[in-house]
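Colleague: Here's my sequence, what's the structure:
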Amino acid sequence: MAFINTKTKEVQVKLVFVGPGRGGKTTNLEHIFSRIRHRIESDMVSIKTQGDRTLFFDFLPFELGAIKGYNVKTQLYTVPGQVKYNATRKLVLKGVDGIVFVADSMVDRRENNISSLENLKENLAFYDIDIANIPLVFQYNKRDLATEGIPILDIETLEEDLNSQLKAPSFTASALKGENVIPTVKKAISITIVGIRDKLL
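Modeller: As a prediction, this is how the structure comes out:
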């Protein structure tokens with residue numbers, strides 16, 4: 001739930017990037033950070049394992065302007081996608097306001113996407129959150145691999161596997177090339193803000 005400080009007139013929104021391991025979550029944040037780093041004073045924190053995978057989170061706050069007289073600050077996180085880091089994923093999801101699910105478009109990662117979404121539902125349920133009731137955007141990442149001859153899933157399959165019931169906004173993307181990264185996060189932030197706007201008196 002967004003932290004609302006009525007004294008300072010500030011709202012802090014927590015947006016978490018989730019998805020299977022090696023799906024492109026950290027690459028998304030690195031691209032966003034490179035685009036807006038001139039506007040923020042803090043650095044992005046990235047803690048990685050020996051295998052160069054995100055172990056805990058990337059933290060990226062930036063200001064969005066004002067809504068109903070409140071300044072909005074967004075904090076972006078990623079969670080580790082590997083199965084063994086579920087406790088960390090659950091911890092980072094505490095207090096989440098919106099989610100970007102970064103799916104891996106490679107054919108051989110299809111089951112990883114599905115199991116990762118199921119895990120997300122379980123972890124949200126731990127905090128009594130129904131995934132259908134939280135702002136959510138899907139990003140179908142790594143679409144650029146098709147030009148390299150690597151088999152990728154078609155959009156219809158990804159939608160059927162992940163989004164047939166939720167009907168959330170979705171984007172095709174290449175986080176590595178920066179394609180549709182900014183539109184993805186902008187959409188996620190906008191629907192998250194709509195979700196909390198009515199709570200501001």
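Colleague: When you work out contacts or count neighbours from here on, use the C-alpha atoms and nothing else.
Modeller: Noted.
Colleague: Low-confidence bits of this protein, can you list those?
Modeller: Across the chain, the ranges flagged by pLDDT under 70 are 1, 38-61, 200-201.
Colleague: Recalculate using a threshold of 80.
Modeller: 1-2, 36-67, 81, 83, 195, 197-201 (pLDDT under 80).
Colleague: which residues touch Val11?
Modeller: Ala2, Phe3, Ile4, Asn5, Tyr70, Asn71, Val72, Lys73 (C-alpha atoms under 8 Å, 6 or more residues apart in numbering).
Colleague: Can you show me the strands along this protein?
Modeller: 3-5, 10-18, 45-48, 54-67, 70-78, 98-104, 136-141, 170-172 (DSSP state E).
Colleague: Need the winner for burial among the ones you listed.
Modeller: strand 98-104 (a mean of 28; mean count of other C-alpha atoms under 10 Å).
Colleague: List the pairing partners of it within its sheet, with orientation.
Modeller: Here strand 98-104 is paired, per DSSP bridges, with strand 10-18 (parallel), strand 136-141 (parallel).
Colleague: Of those, which is nearest Gly98?
Modeller: Closest of the strands paired with strand 98-104 to Gly98 is strand 10-18, at 4.8 Å (criterion: C-alpha to C-alpha).
Colleague: list the contacts for the closest residue to Ile152 other than its chain neighbours?
Modeller: Nearest residue to Ile152, sequence neighbours excluded (C-alpha to C-alpha, 6 or more residues apart in numbering): Met106, at 4.3 Å. Counting by C-alpha under 8 Å, 6+ apart, Met106 touches Lys142, Leu145, Ile150, Pro151, Ile152, Leu153.
Colleague: Mind putting the strands of the chain into TSV with distance to Arg89?
Modeller: Formatted as TSV, the strands of the chain follow (distance: least, C-alpha to C-alpha, whole Å):
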stretch	distance to Arg89
strand 3-5	20
strand 10-18	8
strand 45-48	14
strand 54-67	8
strand 70-78	9
strand 98-104	13
strand 136-141	16
strand 170-172	22
